[in-house]
Each structure stands twice: as C-alpha cells, then as structure tokens.
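Engineer: Predicted coordinates and the sequence they were generated for:
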Amino acid sequence: MTERRIILEMGTGNDLYGEDYTKAACRAVHDALHHSSIVLFKSLGIDHREMRVQVTIGVQEPERVDAAVVAAELPRGRAEVSVVHGGLNVHDPVQETTHVVATAAIAALLPLEDGAWRLCDADA
C-alpha cells in the first residue's frame, strides 16, 4: 500500500494584541478545516484514524508555537505538526503592539492500494 495525499487545505489566523503565536496557529488550523467537509470516510466506510494529518504552521517565531496544542485542534486522524518560519508580524509603533499572522497547510493522507481507485468518465 502507498500512502497518498487525499486533501490539502490552507488557512490563516491571527492574534491581534497578545502576540500569542499558538493562538494564531490554532486559528489558522480552524480556518483551513472550515474550508472542507470530508465525507469520504463515512461514504466509503473508512476509519478516520487511518488518516495521517500533516500540519505545517508558518510564523515569524516558530519556537513560540506549542505544537501539541495545535495538534489537539484536529478532530480526525493522527496529527503531526511542524512549525516553520513564515507568516507575518505587523508591528504598530504607535500602539507598541505586534499583530501575529500565522499560515497553516493541512494535508490528509491515507494508505491506498495501488490501482484500487481510478478516475472514470461521468457518463460511464
């Protein structure tokens, strides 16, 4: 069996006043998750625990993200979270605050038998 990516979603999140990188990352994950509805598990009788979920979070200060907290935000599958340099910090010198913007890419992967699935013509 070969593991194949079946879904890729992206999202953004922010924390405007607390400089909380984990909060911004969790909001980015929620944004990405709210762009999809994964009905194939119920439709095809696949246990969602077979799915591996790779989450990549981009922020300006990766060491300030608690990856375990971000992983806990995922409702399905086995989560793996990596945090990399990315995202955006927007500094407001007048208010002396930094707005943190995080990005998230969430890939869902399933082990699939080679040749078990194929695309077919809708008229077939």
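Structural biologist: Looks like it arrived, so ask away.
Engineer: Can you list the buried residues in stretch 41-61?
Structural biologist: 41, 48, 51-60 (16 or more other CB atoms under 10 Å). Where you see a C-beta, it was placed from the backbone N, CA and C, and this is true even at glycine.
Engineer: Out of the residues you listed, which comes closest to A71?
Structural biologist: Of all the buried residues of stretch 41-61, V55 has the smallest distance to A71: 7.1 Å, by CB to CB.
Engineer: tell me the contacts of that closest one?
Structural biologist: Taking CB atoms under 8 Å, 6 or more residues apart in numbering, we find V55 in contact with 29, 70-71, 74, 79-82, 104-107.
Engineer: again, only using 7 Å
Structural biologist: Contact analysis of V55 by CB atoms under 7 Å, 6 or more residues apart in numbering lists 29, 70, 79-81, 104, 106.
Engineer: What subset of the residues you listed is buried?
Structural biologist: Burial by neighbour count, 16+ other CB under 10 Å: within the contacts of V55 this picks out 29, 70, 79, 81, 104, 106.
Engineer: So, low pLDDT: which residues of this structure?
Structural biologist: Counting by pLDDT under 70, the ranges of the chain that qualify are 116-124.
Engineer: one step back: out of the contacts of V55, which sit inside helices?
Structural biologist: 29, 70 (DSSP state H).
Engineer: Let me have the contacts of V55 in TSV, adding distance to G11 as columns.
Structural biologist: Below are the contacts of V55 laid out as TSV (distance: CB to CB, whole Å):
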residue	distance to G11
V29	7
V70	12
A79	15
E80	17
V81	14
A104	5
I106	8
